[in-house]
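Visitor: Give me a model of this one.
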Amino acid sequence: MGARLHKLIHDLRSTFWVVPAVLVTLAVLAAFWAVGAEGADWIPKPLLSMLYQGGESGARTLLGAIATSTIGVTGTLFSITIAALTLASSQMGPRLLDNFTRDRGNQVVLGVFLGSFAYCLVVLRHVRGGEEDLFVPRLALAGAMLLGGLCVALLVYYVHHMSSRINIDTVIDLVRRDFFAALDAQTEPTPARPPLKPDDIDLDWSDARPVHDPRNGYLQQLETADLAAWALANNARIRLLVRPGDFIMADGCVALVWPPEVEGAQEAVIGATALSARRTSGADLEYSARQLVEVAVRALSPGINDPMTAIAVLDQLGSALCRVARRTFVSGVLVQDGRVLLLRPVSDYAGLVDISFDMIRQNGAGAPSVLIRMLEILALVAEQERDPERLAVLVSHADKIMSDGRQAFANEKDLQDLHQRHRVLGRVVAHGGPARRTGP
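Guide: Numbers count the residues shown, from 1 in each chain. From the prediction side, this is the model:
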């Protein structure tokens, strides 16, 4: 249940309608309150006279003008939003649309405009004419004028906000934030002793019972604490075969449980996991990295041919690897009271580097500036990384880049530059020191 609740919260945070719906509801409630507060003892009479001095006809005209203009501008804002989403989808990839639909600025602006429209309609309903039954809610009319002024200010903000949001550097920075958040969630400060890995645990799973999941989709949420608690209560152990981001086929095997005769294993695994029709960032580190990589790969396509964008992405990927140099990936082993309760696959350094650089290298083989920058990034990462296994991964990728460069570069000078960056990486790996030039 915890996994499904977390999935629901994540889905609500990612949807476009929640914030506007809340603001419209608040606006309607505020309208009823303002109308009901008219004539209350705690409101000074001179203040009400100052708020609005017109009559019933002027009140109707004012409310109608604000309502008409706000709903008209709202349609324009929706059109601008759809145009921005179309541009983002075609130029940067459809998987980046979440970064636009989750944008709180867009949601608040549309919510305020729709809320202002609803507010004016509610107040307009209570305006009454006639000598005996005359009622002009001056406090509510003052609120409508304030909302009208707020809408003007938000319109200026929205135009500026959307023009900056479709800037490629801004998009890269937004995706980078998601990537770093996922990276921090999947890593921890390097402990004194290296964490256990599932392969380090020598357990016999030959007679374990497979657990099949009847559902179909991407694993989005995983509650390891719930699974560990179930295993502890049933004197069992679980080995998960999937991790967040993996696609689960219907009736596919997702876990092994020992002892095989334990009851309720399938219900426990299904209850601790939540599936979705698409991958999402957060618990899925590889997907967060691929969002950045997709921007670079599209930039290197023949139709766009923008190596500068690919280089900007490489800079952010290198920054992420430098961030990992001071951290360790979380353990896939959960032990309590000396008992192994849960083994699960987790992300590792080699996989992260593969996802970060392989596709860009394959699609950028014909762009010398991209491959040269990749070697520079690897050298900068190696400058901060002292783990021999991780350095070997960086050297392996550098060798792949050199191999592709030898085959693709037609200009001898470009190839010499590539060799020079490769030598710098070798020096940094072997002896340490700065990767940047210290002299002419």
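Visitor: Pull up the per-residue confidence for residue 423.
Guide: The confidence metric pLDDT takes the value 92 at residue 423.
Visitor: And it, which helix or strand is it part of?
Guide: Secondary structure assignment for residue 423, by DSSP states H and E: helix 412-431.
Visitor: ok, and what's touching that helix?
Guide: Outside of helix 412-431, the residues that reach it under the criterion Cβ atoms under 8 Å, 6 or more residues apart in numbering are 368, 371-372, 375-376, 378-379, 382-383, 391, 394-395, 398, 401-402, 405-406, 409, 433-435. Every C-beta, even on glycine, is put in place using the N, C-alpha and C of the backbone.
Visitor: try it again with 10 Å
Guide: Counting by Cβ atoms under 10 Å, 6 or more residues apart in numbering, the neighbours of helix 412-431 from elsewhere in the structure are 367-369, 371-386, 388, 391-392, 394-395, 397-399, 401-402, 404-406, 408-409, 411, 433-437.
Visitor: are any of these buried, and which?
Guide: 367-368, 371-383, 385, 391, 394-395, 397-398, 401-402, 404-405, 409, 435 (16 or more other Cβ atoms under 10 Å).
Visitor: Relative to residue 32, how far out is residue 61?
Guide: Remark: distance between residue 61 and residue 32 (Cβ to Cβ, to the nearest Å) = 22 Å.
Visitor: so how far is the host helix or strand of residue 292 off the chain centroid?
Guide: According to DSSP H and E, residue 292 maps onto helix 285-299. On the basis of Cα atoms, centre = their mean, to the nearest Å, the separation between the geometric centre of helix 285-299 and that of its chain is 12 Å.
Visitor: What helices and strands are in contact with that helix?
Guide: Helices and strands touching helix 285-299, as assessed by 3 or more Cβ pairs under 10 Å, 6 or more residues apart in numbering; DSSP states H and E, comprise helix 56-92, helix 168-186, helix 307-324, helix 349-363.
Visitor: Where do the domain boundaries of the protein fall?
Guide: In terms of domains, the chain is parsed into 2-166, 168-364 (source: automatic domain parsing).
Visitor: I'd like those as JSON lines, with mean pLDDT appended.
Guide: JSON lines is the format used below for the domains of the chain (pLDDT from 0 to 100):
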{"stretch": "domain 2-166", "mean pLDDT": "83"}
{"stretch": "domain 168-364", "mean pLDDT": "88"}
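Visitor: who are the neighbours in contact with the residue nearest the centre of the chain?
Guide: For the chain, the residue sitting closest to the mean C-alpha position, by Cα atoms, centre = their mean, is residue 178 at 4.3 Å. Taking Cβ under 10 Å, 6+ apart as the criterion, residue 178 is in contact with 98-99, 102, 280-282, 287-289, 291-292.
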